[in-house]
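Novice: Requesting a structural model of the entry that follows:
(chains A, B and C)
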Amino acid sequence: MSKTSSAAQNFWLMKSEPDVFSLHDLVGRPGQRELWDGVRNYQARNFMMNEMKVGDLVLFYHSNAEPSGVAGVAEIIEPARPDPSAWDKKSEYFDPKSTPENPRWYCVTVGKPRPFKSFISLEELRQHAELKDMLVLRKGQRLSIQPVTPAEFECVVSLGMKK
DNA sequence: GCCAACGTTGGC
DNA sequence: GCCAACGTTGGC
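Specialist: Down below sits the predicted model:
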């Protein structure tokens, strides 16, 4: 398959608690890559399974943080595969309803971390009219993987690349 | 630590 | 298939 046959690139926002796994942690991982395991929400899983493609770009969002906000960009470097943590009894993500024969949960691999020059806090995101429809700014929006429009993505990246 | 908003579970 | 109870998320 040639690359040009694939559908257009998509843009995403993925949440992580920096106390658990930060963008800086991704920078420090061997190969600067990590399996995005532990997602236990069907909507987020479906985005990974059905819509994420290798080469899609991600706003790496720090949630439950001081402050919360976008730390930088990363990239989907491997497509979704069954989440092995679901059948690991020692994992906090263990789910007895998921088995290797019949996996319930999937995870992509994220890599190529590119931290912003300046961290873009939630408060700053709210100050830009072009970003007012971003799901992450919506009250009660808890989805850990969210689609982002190309315009929103570009806007946040240009903010982050400024000093 | 509080708590509003949301997703999931399970009894019926 | 409804919906109350429960657990979780995540900003504050």
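Novice: what's the longest strand seen in chain A packed up against?
Specialist: Ordering each strand of chain A by length in residues (DSSP state E) puts strand A:106-121 first. Where contact means 3 or more CB pairs under 8 Å, 6 or more residues apart in numbering; DSSP states H and E, strand A:106-121 is packed against helix A:23-28, strand A:33-35, strand A:69-82, helix A:150-161. Any C-beta I mention is one placed from the backbone N, CA and C, and that applies to glycine too.
Novice: Now the element after it, going C-ward?
Specialist: As assigned by DSSP states H and E, the chain's next helix or strand after strand A:106-121 is helix A:122-126.
Novice: So which residues on chain A come close to DNA strand C?
Specialist: Residues of chain A found near DNA strand C (CB under 7 Å from any atom of the strand) are A:15, A:17, A:40, A:63-65, A:68, A:122-123, A:136, A:142-144.
Novice: Please check these and keep the buried ones.
Specialist: A:15, A:40, A:63, A:65, A:68, A:122, A:136, A:144 (16 or more other CB atoms under 10 Å).
Novice: Dump those residues to a markdown table, plus distance to DNA strand B, pLDDT and secondary structure.
Specialist: Below are those laid out as a markdown table (distance: CB to the nearest atom of the strand, whole Å; pLDDT from 0 to 100; DSSP: H, G, I helix; E, B strand; the rest coil):
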| residue | distance to DNA strand B | pLDDT | secondary structure |
| --- | --- | --- | --- |
| A:K15 | 13 | 98 | strand |
| A:R40 | 7 | 94 | coil |
| A:S63 | 12 | 97 | coil |
| A:A65 | 11 | 95 | coil |
| A:S68 | 11 | 97 | coil |
| A:L122 | 14 | 97 | helix |
| A:V136 | 13 | 97 | helix |
| A:S144 | 10 | 96 | coil |
